[in-house]
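Trainee: Test case, fold it:
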Amino acid sequence: MSSTDPTPGLANPRSNKGTGLTQSPNFKYWVFGALAIGIFASVVDHGSVNVALPTIAEEFNTDLPTIQWVVIIYALTIAALLLPMGRLSDIVGRKKIYIIGMVVLGAGAALSGFSPALEMMFPSRVLQGVGSAMTQGTGMAIITAAFPANEKGRAIGLFMTMVGVGAVAGPAIGGVVVDAFGWRVVFFLTLPLEVIGIAATAWVMRGWTEVQETSGTRFDWWGAALSTGILVSLMLALTTGNKAGWLSPPIIVAFGATVMMLVTFIWWELRTDAPMLDLRLFKGRTFTFGVSAAFLTFLGSSAVLFMMPFYMQNVLGYSAKTAGFVVVPGAICMAVLGTVSGVLSDRFGRRPFTVGGLACSATGLMILSRVTEDSSLFMVVPALMLMNTGMGIFYSPNSSSVMSTVTQVKYGVVSGFLNLVRNAANVTSIAFATIIVTTTMASQGFEPSLEAVRGDVQGVSHAFTLGLRYAFLAMMGIVLAAMTFSALQPDHVEDPELSEADDLAESKSEV
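Mentor: Residues are numbered from 1 along each chain as shown. Here you go, the predicted structure:
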């Protein structure tokens, strides 16, 4: 632990001897407000770029599968670096890593906007991904640390609210900007917010003493290299497997390399004295079941937002604009209820909200599994709202339960790990649902490709919809499995921050 904070377990910023602001009872909200600007900017950037992809493809005279790597390479970089950046922030300071990450994110965005060709666009997006990896988990760790130990749910709920607001605003803002000013402006759009976010974070936290690793702690370079390799090989296999063929030699080699590196990573982490991720955390029921529930929840729900545009536009015949607005009510529900469930779970316990939220999501997926070729929006929209409402209710208390198993000194790596779990599950969910849908289409005599549903071939809409129903049923089963893990978690866990402070007080009294 840092020698500058004799009672790090209290997790109370007012105990720091800094500026008057750090001793204010509202300091936690000042921290949230400063970081919320950067969080919002990062999420808005991601959503608005997705909308601009067709226009970028036209500008560079390339096809959509190629231009999709503008998004894929960004997401791949984030997933691969979340864990190393989280661990690095625990060692050198989260505020420092967060601010540097914001600078890198802004530089990558500017370079992307000025890119004259894809040869510059792709490296620029990698740079943006590095910045996002430095800010995503670190921002969540800082906000959690700024709130008292008994308000972790509130802290994570507020964080997820800004993520939800950014997710809703991103596509809408991006669509308007692309139509009015062109795709390049999309990348410049968030630069003023990032500058304000950097200045606000530096000013608000200027007198805050962080709890971090003891000076001289080594960074686990081998663990970082192995974890990055695992994520890169796995994500590449999952994102290209459907097109290349799941049994093709490159995909088999990628999965084989993933398994070998994972085994080596576990072996190394259990033997090094300063591991990237302390695998002994998995001995605890709260941590293991919480992480498992999070992975299964996103595995069982993320593909819905990927598949629905195909269904809405190519089966039901709605415009892209309508298909975009259909997901907005659900996203708003997730953003609002994330904070509400976080606050209430701090007071009444986590299990009613994690289990209840997943039951709500499973109900939404069950309704979606009944869609047909002529389903009404009055069926689809409420089902999406139920699913997203459940995820909003679940995520804050579940993340709070996982964070409650470690002291502040490990907040960076654990919050990075939680974000990594979410990102990995998102990609896996899309691959899983795509396999079910395309396999069903092939069994009905059609081309096993999502692109085939865009055509006018008789019967292809029925085959796609049938596959979609099977996929949603399977995903409902996965969410029910996540609900089981949540039900097995202890409802209340003794916070290690508080127990450490009690042990310290007891030892002092004995002296």
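
Trainee: contacts, neighbours, all on C-alpha from now
Mentor: Fine.

Trainee: which outside residues touch stretch 272-287?
Mentor: Here stretch 272-287 makes contact (C-alpha atoms under 8 Å, 6 or more residues apart in numbering) with 83-84, 87, 217-220, 223-224, 266, 269-270, 288, 401-402, 405, 413-414, 489-490, 493.

Trainee: buried stuff in it?
Mentor: By neighbour count, and taking 16 or more other C-alpha atoms under 10 Å as the criterion, the buried residues in stretch 272-287 are 275, 276, 277, 278, 285, 286, 287.

Trainee: Return the subset of those residues lying in helices.
Mentor: The members of the buried residues of stretch 272-287 that map onto helices under DSSP state H are 285, 286, 287.

Trainee: I'd like to know how far the second one sits from residue 188.
Mentor: Relative to residue 188, residue 286 is positioned 42 Å away (C-alpha to C-alpha, to the nearest Å).

Trainee: what about the helix or strand encompassing residue 395, average pLDDT?
Mentor: The secondary structure element spanning residue 395 is helix 377-403 (assigned by DSSP states H and E). Averaging pLDDT along helix 377-403 yields 91.

Trainee: helices or strands next to the helix or strand following that helix in the packing?
Mentor: Reading on from helix 377-403 to the C-terminus, the next helix or strand found by DSSP H and E is helix 411-443. Other elements packing on helix 411-443 under the criterion 3 or more C-alpha pairs under 8 Å, 6 or more residues apart in numbering; DSSP states H and E are helix 69-92, helix 118-146, helix 221-244, helix 285-299, helix 302-310, helix 377-403, helix 460-488.

Trainee: at 7 Å instead, please
Mentor: Taking 3 or more C-alpha pairs under 7 Å, 6 or more residues apart in numbering; DSSP states H and E as contact, the helices and strands that helix 411-443 lies on are helix 69-92, helix 118-146, helix 221-244, helix 285-299, helix 302-310, helix 460-488.

Trainee: I'd like the next helix or strand past the shortest one.
Mentor: Going back to what we said before, that points to helix 302-310. helix 320-326.

Trainee: Return the member of the ones in helices among the buried residues of stretch 272-287 nearest to residue 249.
Mentor: For those, the closest approach to residue 249 (C-alpha to C-alpha) belongs to residue 287, at 36.4 Å.

Trainee: I'd like the distance between the closest one and residue 209.
Mentor: Between residue 287 and residue 209 the distance, using C-alpha to C-alpha, works out to 27 Å.

Trainee: Kindly report the same for residue 376.
Mentor: With the distance defined as C-alpha to C-alpha, residue 376 ends up 55 Å from residue 209.

Trainee: Specify which residue of the two has the higher count of neighbours.
Mentor: In terms of neighbours (other C-alpha atoms under 10 Å), residue 209 is the more surrounded of residue 376 and residue 209; the figures are 18 against 11.

Trainee: Tell me the secondary structure of the more buried one, please.
Mentor: coil (DSSP: H, G, I helix; E, B strand; the rest coil).

Trainee: Local confidence estimate at residue 309?
Mentor: Per-residue pLDDT puts residue 309 at 81.

Trainee: Look up the closest residue to it, ignoring the ones flanking it.
Mentor: By the measure of C-alpha to C-alpha, 6 or more residues apart in numbering, the closest residue to residue 309 outside its immediate chain neighbours is residue 323, 5.8 Å from it.

Trainee: Just to check, the one you found is in contact with residue 307?
Mentor: No - in terms of C-alpha atoms under 7 Å, residue 323 does not count as a neighbour of residue 307; the distance is 11.0 Å.

Trainee: how much space between residue 81 and residue 225?
Mentor: Residue 81 sits at a distance of 10 Å from residue 225 (criterion: C-alpha to C-alpha).

Trainee: Please say which of those two ends up with more neighbours.
Mentor: Under the criterion of other C-alpha under 10 Å, the comparison of residue 81 against residue 225 puts residue 81 first, with 25 against 15.
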